[in-house]
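A.B. asks: Just need the structure, nothing else, for what follows:
(one chain, ligands or ions: 4)
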Amino acid sequence: AKQNGRNNYQFYLAEMNADAALRLQTEHQLHLALERGEFELHYQPKLRLAAGAQMGKISGFEALLRWRHPERGLVAPFEFISILEETGLILPVGEWVIAEVCRQIGVWSAQYGSVPPVAINLSARQLGHAGLPQAVRAIVDAAGVDPGLLEFELTESMLMEDPEAAVRILGDLKSQGMRLSVDDFGTGYSSLAYLKRFPLDALKIDRTFVRDLPGDSDDAAITKAVISLAHSLNLKVVAEGVETVAHVDALRAYGCDEIQGYYIGKPSPAAECSALLQPESLA
Ligand code: C2E
Ligand code: CA
Ligand code: CA
Ligand code: CA
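C.D. replies: Ligands and ions are numbered 1, 2, ... in the order given. Predicted structure coming up:
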C-alpha cells in the first residue's frame with residue numbers, strides 16, 4: 001500500500017499543471033519572503049475635493065503591499081494576497097504591514113513635522129482573528145504612533161461574514177482612536193441597517209462605478225445615491241480609481257469629499273512621496 005501511495009504521488013506530480021506548480025513554488029517563497037525582507041509598501045495619496053480651505057490638499061495615504069521577488073521583480077498583490085490568505089500567512093504579513101506603516105509615520109513625522117493618516121487594508125482572515133485589536137494595540141504602543149494617524153479599510157463582505165464579531169472588533173479599534181472605512185463599496189451586499197451599527201468614518205466607492213463617469217447614467221445615479229446615503233449617515237466619501245479630469249469634475253459636482261486614483265498619484269515608494277508631504281500640500 002505504501003509503494004502504491006508513492007506511485008500515486010509521483011503520478012500526481014507528473015500530472016500537475018504548470019499553474020499549480022508555480023502556485024506551490026510561490027507559496028514556498030512567500031513563507032521565506034517575510035524573513036528575507038522582500039515585502040515593501042507603496043503609498044497612494046488621497047486628495048480633498050470638497051470646497052473649502054482644504055480643497056486640493058492631501059488628506060491621507062493608502063499603504064499597498066508589494067513583493068520584491070529576487071527573480072520576478074516587483075509582484076502585485078493580486079498574484080499573492082489570496083495565497084497569503086489561504087495559508088494564514090496574511091496574519092504575520094498583516095502585522096508586518098501595520099508595524100511598517102507605524103515605522104514610516106515615525107520617519108515622516110521626523111522629516112516633515114506633520115503626517116496625514118495612512119490607511120491599511122485588512123483581510124478577512126485578520127478580521128476573523130479575535131486577537132486583532134490586542135495585536136494592533138501592541139504594535140502601535142511599541143511604535144509610539146498616534147492611533148489617529150491609522151485608518152483601516154475593510155470590505156462589505158468581510159463585515160457581513162460575521163457582523164456581530166465585526167461590530168466588536170471595529171468597536172475596539174475605534175476606541176483605540178483609529179479610523180475605519182469600507183473599501184470597494186457597492187460591490188458587495190451590505191445591509192444598510194447593519195452599516196450604521198459599525199463605527200465607520202468613510203465609504204470608498206469602488207472604481208468600477210467611477211470608471212464610466214459621467215457618461216454612464218446608471219453609474220452616475222449609483223454614485224450620487226452612495227454619496228447621499230453616506231452623508232446622511234455622517235460618513236465621508238472617497239472615490240477610488242479617479243483617472244481623468246472628467247471623473248474629478250463629475251465627483252465634485254456630486255459632492256464627493258475625497259478622491260484617489262492615478263489622476264492624483266500612483267502608489268509609490270515612501271521615498272517618492274516627499275513633494276506630497278510638504279506642509280503646504282497637506283490638508
Ligand atoms: P484596493 O484596496 O481596492 O486598492 C486599490 C487598488 O487599485 C490598488 O491596487 C491600486 O494600485 C489600484 N488603483 C489605484 N488607483 C487606481 C486608478 O486610478 N486606476 C486603476 N485601474 N487602479 C487604481 P493594488 O495595489 O494592486 O492592490 C490590489 C488589492 O490588493 C487592494 O485593492 C487590496 O484589496 C489588496 N491589498 C493591497 N495591499 C494590501 C495589504 O497590505 N493587505 C491586504 N490584506 N490587502 C492588500
Ligand atoms: Ca483599499
Ligand atoms: Ca478599494
Ligand atoms: Ca479592490
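A.B. asks: And ligand 2, is stretch 201-218 touching that?
C.D. replies: No. Stretch 201-218 does not reach ligand 2 (Cβ under 5 Å from the ion); its nearest approach is 6.5 Å. (C-beta placed from N, C-alpha, C; glycine too.)
A.B. asks: For that stretch, give the mean pLDDT please.
C.D. replies: The average pLDDT within stretch 201-218 is 97.
A.B. asks: Buried ones in that stretch, by neighbour count?
C.D. replies: 201, 202, 203, 204, 205, 206, 207, 209, 210, 211, 213 (16 or more other Cβ atoms under 10 Å).
A.B. asks: what comes into contact with it?
C.D. replies: Residues external to stretch 201-218 that are found in contact with it (Cβ atoms under 8 Å, 6 or more residues apart in numbering): 151, 153, 179-187, 219-220, 222-223, 226-227, 230, 235-243, 246-247, 249-251, 253, 256-258, 260-261.
A.B. asks: what distance separates the start and the end of it?
C.D. replies: Taking Cα to Cα, to the nearest Å, stretch 201-218 runs 26 Å from one end to the other.
A.B. asks: ok, which stretches of the stretch 51-200 of the chain are strands?
C.D. replies: 58-69, 73-75, 118-121, 150-155, 179-185 (DSSP state E, counting those that start in this stretch).
A.B. asks: what's the closest of these to ligand 3?
C.D. replies: strand 179-185 (4.3 Å; Cβ to the ion).
A.B. asks: what is the orientation angle of the closest one with strand 150-155?
C.D. replies: Interaxial angle, strand 179-185 versus strand 150-155 (axes from the mean of the first three to the mean of the last three Cα atoms, to 10 degrees): 30 degrees.
A.B. asks: Neighbouring strands - and their directions - for strand 179-185?
C.D. replies: strand 150-155 (parallel), strand 202-205 (parallel) (DSSP bridges).
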